[in-house]
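Visitor: Show me how the following folds:
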Amino acid sequence: MAELQRIALRKHANPVSRIISIAVRLLRTQSPGLRLLISYADPMQDHHGGVYQASGWIYTGRSADDWKLVMQNGKSFHSRVAGTHVHFGVKKTIDVSRGTRVTLPGKHRYLMPLDPEMRARILPLAKPYPKRTKEQAPGHPSGLGGVTPTRALQTCPD
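Guide: Down below sits the predicted model:
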């Protein structure tokens, strides 16, 4: 199994779903024993996984909720690094009693089986795809509850 972690693109001519499909095909060729890919869409970033849906990935629900520690100075630390951790070889301790624990909602989880047997094992886990709300739709003006009206056509005097 492998994880597709980040999709970071600048200007591109093809849809992101097409780019993902090409990457998966190249990965299959390079790693023939690989049977499953996993990726997550973060609702805290207004992501719902539309690119995975367009690429035919199987949605299996959300991961468990997580948390971060927000300190009084505004810095925040993900649960993986709160407490004692090693950063660039240096052991550091974060005093968790000096911050506020904030719950983070689970991320949307998508699976891409790479062979028929794995697909058969994963399909029973499938759930309906999450959809964007109107407020999350690209180009939707914040604070408006519906369609943004356009100006009426002006008639030209003869």
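
Visitor: Verify the stated contact: Met1 with Arg35.
Guide: Yes: Met1 is within contact range of Arg35, at 6.9 Å (criterion: Cβ atoms under 8 Å). In this view, the C-beta of every residue, glycine as well, is placed from N, C-alpha and C.

Visitor: More neighbours: which of the two?
Guide: Neighbour comparison, Met1 and Arg35: the larger count goes to Arg35, with 17 against 10 (by other Cβ atoms under 10 Å).

Visitor: any idea how far the spatially most central residue of the chain lies from Thr29?
Guide: With distances taken as Cα atoms, centre = their mean, the chain has Ala41 as the residue nearest its mean C-alpha position (1.6 Å). Between Ala41 and Thr29 the distance is 26 Å, computed by Cβ to Cβ, to the nearest Å.

Visitor: next one: Gly61
Guide: Taking Cβ to Cβ as the criterion, Gly61 is separated from Thr29 by 30 Å.

Visitor: do the same with Gln72
Guide: The span separating Gln72 from Thr29 equals 51 Å under the rule Cβ to Cβ.

Visitor: ok, now Thr60?
Guide: From Thr60 across to Thr29, the span is 26 Å (Cβ to Cβ).

Visitor: And these two? Which one has more around it.
Guide: The neighbour count for Thr60 versus Thr29, taken as other Cβ under 10 Å, is higher for Thr60 (16 against 8).

Visitor: Which residue is the nearest non-sequential neighbour of the more buried one?
Guide: Take Thr60 and drop its neighbours on the chain: the residue closest to it by Cβ to Cβ, 6 or more residues apart in numbering is Leu125, 4.5 Å away.

Visitor: quick one: the one you found and Leu111 touch, right?
Guide: Yes: counting by Cβ under 8 Å, Leu125 does reach Leu111; the two are 7.4 Å apart.

Visitor: So for the two, which residues contact both of them?
Guide: Common contacts of Leu125 and Leu111, defined by Cβ atoms under 8 Å, 6 or more residues apart in numbering, comprise 58, 60.

Visitor: Settle it for me: which of those two has more neighbours?
Guide: In this view Leu125 and Leu111 are compared by other Cβ under 10 Å, and Leu111 has more residues nearby, 21 against 12.
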